[in-house]
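Undergrad: Quick one: sequence and predicted model below, then my questions.
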2 protein chains.
Amino acid sequence: MFLPVFQLLYEEWASYSVFYKYQPIGLIRKYFGEKIGLYFAWLGVYTQMLIPASLVGVIVFLYGCVTVDDDIPSMEICDQRKNITMCPLCDRVCSYWNLSVACGTARASHLFDNPTTVFFSIFMALWAAFFMEHWKRRQMRLNYEWDLTGFEDEEDHPRAEYEFRVMQKTLKKDHKSQKPEKEKLTCRDRFPAYMTNLIMMLLMIGVTFAIVFGVILYRISTKAALAMSSNPMTRSNVRLTVKTTAAIINLVVILILDEVYGAVARWLTVLEVPKTDKSFEERLIFKTFILKFVNAFTPIIYIAFFRGRLGGRPGSYLYVFESYRMEECAHGGCLMELCIQLSITMLGKQLIQNNLFEIGIPKLKKLIRYIKSKRGSYQEQENEKKLQRYETDYFLEPFVGLTPEYMEMIIQFGFVTLFVASFPLAPLFALLNNIIEIRLDAKKFVAELRRPDAARGKDIGIWYNILRGVAKVAVIVNAFVISFTSDFIPRLVYQYMYSPDGSMHGFVNHTLSYFNVSHFQNGTAPLEPFHLGFRVDICRYKDYREPPWSQTPYEISKEFWSVLAARLAFVIVFQNVVMLMSDVVDWIIPDIPKDISLQIHKEKILMMDLFMKEEKGKTRTEDSVTSKETRHSPLMRSRSISHTPCKNY
Amino acid sequence: MFLPVFQLLYEEWASYSVFYKYQPIGLIRKYFGEKIGLYFAWLGVYTQMLIPASLVGVIVFLYGCVTVDDDIPSMEICDQRKNITMCPLCDRVCSYWNLSVACGTARASHLFDNPTTVFFSIFMALWAAFFMEHWKRRQMRLNYEWDLTGFEDEEDHPRAEYEFRVMQKTLKKDHKSQKPEKEKLTCRDRFPAYMTNLIMMLLMIGVTFAIVFGVILYRISTKAALAMSSNPMTRSNVRLTVKTTAAIINLVVILILDEVYGAVARWLTVLEVPKTDKSFEERLIFKTFILKFVNAFTPIIYIAFFRGRLGGRPGSYLYVFESYRMEECAHGGCLMELCIQLSITMLGKQLIQNNLFEIGIPKLKKLIRYIKSKRGSYQEQENEKKLQRYETDYFLEPFVGLTPEYMEMIIQFGFVTLFVASFPLAPLFALLNNIIEIRLDAKKFVAELRRPDAARGKDIGIWYNILRGVAKVAVIVNAFVISFTSDFIPRLVYQYMYSPDGSMHGFVNHTLSYFNVSHFQNGTAPLEPFHLGFRVDICRYKDYREPPWSQTPYEISKEFWSVLAARLAFVIVFQNVVMLMSDVVDWIIPDIPKDISLQIHKEKILMMDLFMKEEKGKTRTEDSVTSKETRHSPLMRSRSISHTPCKNY
């Protein structure tokens, strides 16, 4: 019976050719145990749920493609006749430029930044809530089918490390008092470890921030250096080159730090000396998650919310290290850069971590182990063909737990939900990745790893809470992306408050402030004061500030404050409406499928009847002493779980 | 054994003299059953939790009292030398007035509107989260002590009304198909009832709004009428008279509608034909709660968020029915009026509903019933002294369920948490009320009501969810009260953005806009154009608008938008920080007390050991057939709850 399951799994599950089929979860559970079964069931549900999300995402994207020609703001930007002279993007060497240069970016931005994005964000928040509920029900059904409804985790035995620490403490104390009382580690004992944990976590997060800042510096300085180059081809490619290399550096840093953080989290958890294995695992997962999450999302959060907001204004730019101007976003908002960063990080992470780390490295390790064992036991070369099954299996990688698999998927879930407002194609990418991922993991579990010990498990544990947390954070992040990163709110405000005819015409002009070039600080004015043959007196920049001829030149204008108020109001409304809707979804869908709860109930009644019948027909011939003892012992209270049918046992 | 419990309850519980003692929950449960026991346990926990809340509330209030003389804005208002001429509060008959008139209100406002209020709101949100957790733990402990850990609600039998409807449907259908299949009410059958429900609920909420609007109209028109009175005494008392009578009218309306809404909710639930008694109760509670909640809080929400914001500005007031100007708030913000409304509603509701409805009316009813029975059975007057116990008990009120008791407390919980930012004494009022309420309810249950049927219950059911909902809503309501009703944010903005010296000096002047009296609409200028002997050219009003001499006179000013942005930003920060902190409280405190979970676990192990031992020593002499049958029957799956110790039963 053992071999057929394995063969079935190999043929019907661990193969790319069956990617469109449901997974044989029952078989997986039979061969690998409940915990791994639940992982694959969860992955299946998640992947399945990604299908509608990617469909809607693609529709949103296509809507953007179709309506790109009707978008008045990007039309205005692309209009050559408008001839809007923009202030230079860097000091001295950069020249004035015409807004129509940003035409391509503006049009591309519209693909991701159109009114349907708001709808899509709401949809994805509800999708996440629905996904949670759907998984809870599926889990309940599996629990029932796998006979786990009454299963509770076994008592966890303290870990050896914990016992050792307790023993040390007891020995120390024994010199004073001779009472042999049960010792345990108190908060005071753990305090140094907790402090180390806190400090190291903050330090690690600080390292992430420092690296992101380093990449920013790289970007600024390279841009400045390249801009000074005399080759016009180089200069025109500056933006793209810098953007792409920076994103790749970010990606590489993320990948390296991911490994470092994994090790740090483990070390910190060992320091903590958690009492049980379960607690160890949960603490480890929690720490790893925090670090990896911060690592993956810091550069993206910087681009979404800080980039281009710290640069200052012409004549009063913000300088880093007194020489580098903080970077600005291209016209059309930072949204396009956010998209690039998101897609590079997401695709890169998935491709590299999946293919290289999950396939390549295990294969390499296997090879190395094989070669080693061969070299070490040269004399056994002859016997190679006669090696026992368990001997060849020894060349396989050991199973290291499900944590890396879950972690990868949770970070992906973060990409799918957190910034979905700026990148509606994320669910599609995730879906494509997961279809491969399932079979890849399947192959790995079936053929690449030593067969893991089967372990029972009722649920996916702390991962569910982490998922919930990510889904909650996603709501607020999306609210901020829509209102602060995209141009959605400024457009609405313009249309309903400032537009003379209620249309979007004039929006671009409205978002640009005026700057008198004579107000440039010494040595920062462009070397080339002419643009298109004319001497430039006034240039424009993207901000809501008073014009030079007002009483308070370059002060933040009333428009800025009204747009800001609208943006914040949108965040409040969006967050509360979406949270309310998620709660309603959570509340309407029952956690236990109706048929399952009926079935459980029916079985309980049947069993009760049976016990009652037996009770009646039974003659008490034995154990009368025990029976009495039992009846009055406190043990009996737990039996009430099944209406005390065992009372006269 | 029965009498002593009753006597003990009567002496040790249902007496005001033991108000400082813990309630004898065990005895209550013994005499009244688990459900009522849980209610009193919950009431006890709630009252106990109110003690720290009222302490902190009183400290916040005292802090306000102590610092009232250091409050620069109210000092500026009270400063006679400043001599700020305010625009009249009503058309024609009202005259200009000096800002120093508002001195009293401004000083009183400071008692409730000082920086500690923000701290107190956060404290109360965490308090609510902590209360939930504390109750969950207490409930678990009671479950354990009362041997309910394994108790599940019995299968609910369909209600007779439901069965009748199903029968009707089956009979109708029988004419067509003769299949005797199990019928049930589908969504389609219930659709008319659902629609009626929805429409009636909306209608009832509409009635509440209409009545609140009616009270507003009363206030406006009375004020206008009284202001025209020639008696100066009357005129000076106008504000107070109108405010107080309006609040009392509101209160009376709330009390009457509360009764009406209770009846409407019951009628609507009967229409719905819910399947089980439990479902009936939950639907009824939910509807009643919605209606009573809206009823209690609509006038308060109007005062907190809408009053004074809809009035327009001098020269362009908003008129209702073309003759009544919308009301404004007194200077110093609407906070003072909110406080008055809150305290009248809360105190009045508690005093009248508790004392009149809960004590007076039952006594009256008892008297009537007694008189009736006496008159009807005149001949039995002789036997009166020999009446059996159950006969005299018949004169008592029947028990109508716990819903009204819980409802009262939940609405009170709403008062304690929802507007606590504007009224820090609410917890104290609630505490005082509850200390009486516990003993009052106790007396009622022991001596005034027929003894209720004991009912088992594991938890307080839907009420817990409603509590959670109220606590969630409270966070956002408090955020809005702090940022929009109080002057907290404008003060901060003034101090850090506009103040010339970083102090609060000049704040009052900053919040007042200028109005040129020549811009009054025809017939609305005051009859008396002089104030303190001078002809008034410019008067001031509370708003952020451009002065008459700007390019855009009376337009909303930049200050307005910046203050609005700050307010909204505060709401976002407050809401998310508080929600995060509540979640952390929720997460840190385990739901089951550690000793209880250990105890349960220990008992389970002991029991397993016992069964194992018995298994071994047992000779299978009987039931071998049954045993086999049982072992393979699906029934056994439920037994895995206790590691299948009954397997060979």
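TA: Arrived safely, thanks for sending.

Undergrad: Near chain B, which residues of the stretch 351-500 of chain A? Just list them.
TA: Contact residues, the stretch 351-500 of chain A versus chain B (CB under 8 Å from any CB of the partner chain): A:I476. In this view, the C-beta of every residue, glycine as well, is placed from N, C-alpha and C.

Undergrad: In the stretch 351-500 of chain A, which residue sits nearest chain B?
TA: A:I476 (6.4 Å; CB to the nearest CB).

Undergrad: residues touching the residue nearest in space to the middle of chain A, list them.
TA: In chain A, the residue lying closest to the centroid (CA atoms, centre = their mean) is A:G414, at 2.4 Å. Contacts for A:G414 (CB atoms under 8 Å, 6 or more residues apart in numbering or on different chains) come out as A:293, A:296-297, A:470, A:474.

Undergrad: returning to what we had before: roughly how far does the residue of the stretch 351-500 of chain A closest to chain B sit from B:S483?
TA: A:I476 is 18 Å from B:S483, where distance means CB to CB, to the nearest Å.

Undergrad: Neighbour count: those two, which is higher?
TA: More crowded of A:I476 and B:S483, by other CB atoms under 10 Å in any protein chain shown: B:S483, with 24 against 19.

Undergrad: What segments of chain A are strands?
TA: A:85-86, A:97-98, A:312-313, A:316-317, A:319-320, A:324-325, A:512-516, A:530-531, A:534-535, A:538-542 (DSSP state E).

Undergrad: Output the ones you listed in JSON lines, with mean neighbour count appended to each entry.
TA: Compiled in JSON lines, the strands of chain A are given as follows (neighbours: other CB atoms under 10 Å in any protein chain shown):
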{"stretch": "strand A:85-86", "mean neighbour count": "19"}
{"stretch": "strand A:97-98", "mean neighbour count": "16"}
{"stretch": "strand A:312-313", "mean neighbour count": "16"}
{"stretch": "strand A:316-317", "mean neighbour count": "14"}
{"stretch": "strand A:319-320", "mean neighbour count": "14"}
{"stretch": "strand A:324-325", "mean neighbour count": "19"}
{"stretch": "strand A:512-516", "mean neighbour count": "20"}
{"stretch": "strand A:530-531", "mean neighbour count": "14"}
{"stretch": "strand A:534-535", "mean neighbour count": "10"}
{"stretch": "strand A:538-542", "mean neighbour count": "19"}
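
Undergrad: Figure out which of the ones you listed is closest to B:I340.
TA: strand A:512-516 (47.6 Å; CB to CB).

Undergrad: Tell me if I'm right that A:A247 and A:Q341 touch.
TA: Yes. Using CB atoms under 8 Å, A:A247 is in contact with A:Q341, at 5.4 Å.

Undergrad: which one of the two has more residues nearby?
TA: A:Q341 (25 against 22).

Undergrad: What separation do you get for the more buried one and chain B?
TA: Between A:Q341 and chain B the distance is 25 Å, computed by CB to the nearest CB, to the nearest Å.

Undergrad: Ramachandran angles for A:N114?
TA: Dihedral pair for A:N114: phi -140, psi 170, per degrees, to the nearest 10.

Undergrad: Please work out how many residues are found near it.
TA: 24.

Undergrad: what does A:F484 give?
TA: Using other CB under 10 Å: A:F484 sits among 19 other residues.

Undergrad: And for A:K365?
TA: Neighbours of A:K365 using other CB under 10 Å come to 15.
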